[in-house]
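Engineer: let's see this in three dimensions:
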Amino acid sequence: MSTERLRDCVKILRDTALQLNSTADDPRIILEQAVVKMLMTNNQRRIYDKN
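Structural biologist: Numbers count the residues shown, from 1 in each chain. Have a look, this model is predicted:
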């Protein structure tokens with residue numbers, strides 16, 4: 001795992017923590033969205049690297 005991807009994941013986790021603490025949204029959905037975003041970080045880089 002690259003340092004850049006780790007940083008992206010930490011930012012996602014930070015944003016997720018803020019959202020969990022500041023909204024009444026369903027925590028499960030917020031966490032699921034965070035997992036998807038983290039999984040997509042590597043895929044997005046691959047897409048941009050190919051172009």
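
Engineer: alpha carbons only for contacts and neighbour counts from here, please
Structural biologist: Noted.

Engineer: in stretch 19-37, what counts as buried?
Structural biologist: 20, 31, 34, 37 (16 or more other Cα atoms under 10 Å).

Engineer: Leu6: neighbour count?
Structural biologist: A count of nearby residues for Leu6, using other Cα atoms under 10 Å, gives 14.

Engineer: so it is in which element?
Structural biologist: helix 3-22 (DSSP states H and E).

Engineer: please save the CA atoms from that helix in PDB.
Structural biologist: Provided in PDB are the C-alpha atoms of helix 3-22 (Å, rounded to 0.1, in the frame of the first residue of the first chain):
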ATOM      1  CA  THR A   3       1.800   6.300   1.400                       C
ATOM      2  CA  GLU A   4      -0.500   8.300  -0.800                       C
ATOM      3  CA  ARG A   5      -3.200   5.700  -0.600                       C
ATOM      4  CA  LEU A   6      -2.800   5.500   3.200                       C
ATOM      5  CA  ARG A   7      -3.200   9.300   3.400                       C
ATOM      6  CA  ASP A   8      -6.300   9.100   1.400                       C
ATOM      7  CA  CYS A   9      -7.800   6.400   3.600                       C
ATOM      8  CA  VAL A  10      -6.900   8.400   6.800                       C
ATOM      9  CA  LYS A  11      -8.700  11.400   5.300                       C
ATOM     10  CA  ILE A  12     -11.700   9.300   4.500                       C
ATOM     11  CA  LEU A  13     -11.700   7.900   8.100                       C
ATOM     12  CA  ARG A  14     -11.400  11.500   9.500                       C
ATOM     13  CA  ASP A  15     -14.400  12.600   7.400                       C
ATOM     14  CA  THR A  16     -16.300   9.600   8.400                       C
ATOM     15  CA  ALA A  17     -15.700  10.200  12.100                       C
ATOM     16  CA  LEU A  18     -16.900  13.800  11.700                       C
ATOM     17  CA  GLN A  19     -20.000  12.700   9.900                       C
ATOM     18  CA  LEU A  20     -20.800  10.100  12.500                       C
ATOM     19  CA  ASN A  21     -20.500  12.600  15.300                       C
ATOM     20  CA  SER A  22     -22.400  15.500  13.600                       C
END
